[in-house]
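Colleague: One predicted model, sequence on top.
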Amino acid sequence: MESHPAAAEAADQQPAPRSAPGAAGAAGAAGGEQGSAERGGAEQGGGPAPEAKATVAPETAALPGVPAAMTSRARALAAAVRSRCTDLVALESPTGDVERLNALAEELSAGFRATGATARREPGPAGDHLVLEWAGQEEHLPHLLMVGHHDTVWPAGTLTDWPVEEQAGLLSGPGVLDMKAGLALLEGAMALLADLGQRPHRSVRLVVVADEEVGSPDGRRLVERQLPGAAAVIGLEPPHPDGRVKTARRGSTRVRLTVTGREAHSGNAAGQGISAVDELVDQLVAVRGLAGVPGTELNAGCITGGSRANVVAGRAEAELGLRFATAEAQRRTLDNLAHLTALRPGARVRTEVLSSRPAWPERSGNPLLRHVRSLAAVLGQQLDGAPAGGAGDTNLAGARGLPTLDGLGAVGSGAHARTEHIDTTQLAPRIALLATLLAVPLPRLRGTGS
């Protein structure tokens, strides 16, 4: 692909006034990486309504004209980003479908290269992952890590009876919210900076994994490889339906229970058989009690077993989805599951952890959230954050105590449901916010600076 739609759209628009100083350069003149937090600018709460006069943080006070330029260019790019969302959703990419995931990976690589990124494909058993990087103005600074995924929960062919369509400002389609729109937004934000003659303040790395919807069993290694030295980690998953970003996530683990019994004729020799299905049902009843550990939730998502109605089942399986509020609840529950024993003589029960993410707890005082809120306020936006029930690859960073926020993707609701949609009226504000976050120096986020 020669150039991606957002970049092409940006080139066609009337340029922003060049009298405004560059976002990154002017912000640097305001006092650099650490002075902003020490002077208290990142302490601002949610931004005022657009017509109110914002009290701005020092890192943005030295940007005369740039917030207006960001907002104006984002509005100009919104239609192209919306079209990009439609194009990405049209490329179905269910988890495990290597051919389709690789086709989308190639399309994403081309789009991000058009905004100045270097792109590397990383082969994986479920399809290729992507590692992308944009050069920053201050290359000596620790990188900003962004994470996302291009697999979806929707099987190939879903578009046949659920095509991408927009009604009353809501764009619906399989995977548009979770999370192809988030990837399109970052393309738009990078195109916006390029159109204004800017680069991110520091280098930016983006990891897009192919197996997030099943817990990133392989993609996790790529995310973890980029964590050392990262100044902060930003997730492009959708925010809460009301637009709040995600400041913590529960841990999650997928567990497979496999029961082996003994096959026999269910009429002539039932007593010689050991029903794996019956054993599994009883095990699931017991497991529901184990999941009563405070801070633990259980979903029996898939059950299979047996072969015929006249054959005592020799094998049965269940895949469980577990959510944990704390690391202790996760440890205790998984330890209990690992020690399950068969209730029927001769049956065997095996527990296998398929994927696991640690709990990312909420922490008091969140300088990264304060920083993003202050940037939103300067742009005339109101923004806040709250913990989320679902898990994602940002858990890997948040659990380690790295400055982390998720939910910087598209605003909408209905993930994993036929009601999945994004609010197209919120595309421009998110493009502007992402571009500003990339262009403006980070404040001090940890005790020793960032």
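Modeller: The structure has been received and is ready for your questions.
Colleague: which stretches of the protein have low pLDDT?
Modeller: Confidence mapping of the chain against pLDDT under 70 gives the ranges 1-65, 447-450.
Colleague: That one: helices as residue ranges?
Modeller: Along the chain, counting by DSSP state H, helices occupy 5-12, 23-29, 32-38, 58-61, 66-90, 98-113, 181-195, 220-226, 276-290, 327-338, 367-378, 394-398, 427-439.
Colleague: most neighbours per residue, which of the ones you listed?
Modeller: Highest mean neighbour count of the helices of the chain: helix 181-195, a mean of 28 (counted as mean count of other Cβ atoms under 10 Å). All C-beta spots, glycine's among them, are computed from the backbone N, C-alpha and C.
Colleague: tell me the angle that one makes with helix 98-113.
Modeller: 20 degrees (axes from the mean of the first three to the mean of the last three Cα atoms, to 10 degrees).
Colleague: Packing partners of helix 181-195?
Modeller: If contacts are counted by 3 or more Cβ pairs under 8 Å, 6 or more residues apart in numbering; DSSP states H and E, helix 181-195 sits against helix 5-12, helix 66-90, helix 98-113, strand 144-149, helix 427-439.
Colleague: of all the ones you listed, which lies closest to residue 277?
Modeller: Across the helices and strands packed on helix 181-195, residue 277 has its closest neighbour in helix 98-113 (32.1 Å, Cβ to Cβ).
Colleague: Show which residue of the chain lies farthest from the average position.
Modeller: What lies farthest from the middle of the chain is residue 268; by Cα atoms, centre = their mean that is 54.3 Å.
Colleague: Return the backbone torsion pair for that residue.
Modeller: Main-chain dihedrals, residue 268, degrees, to the nearest 10: phi -90, psi -30.
Colleague: start at 24 instead
Modeller: In the new count, where the first residue is 24, that last one comes out as residue 291.
Colleague: Contacts only, for it.
Modeller: Residues counted as contacts of residue 291 (Cβ atoms under 8 Å, 6 or more residues apart in numbering): none.
Colleague: Next, format the helices and strands packed on helix 204-218 as JSON lines and append distance to residue 324.
Modeller: Formatted as JSON lines, the helices and strands packed on helix 204-218 follow (distance: least, Cβ to Cβ, whole Å):
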{"stretch": "helix 28-35", "distance to residue 324": "37"}
{"stretch": "helix 89-113", "distance to residue 324": "24"}
{"stretch": "helix 121-136", "distance to residue 324": "21"}
{"stretch": "strand 167-172", "distance to residue 324": "19"}
{"stretch": "helix 450-462", "distance to residue 324": "31"}
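Colleague: Could you work out which of these reaches nearest to residue 401?
Modeller: Using Cβ to Cβ, the helices and strands packed on helix 204-218 put helix 89-113 closest to residue 401, at 5.0 Å.
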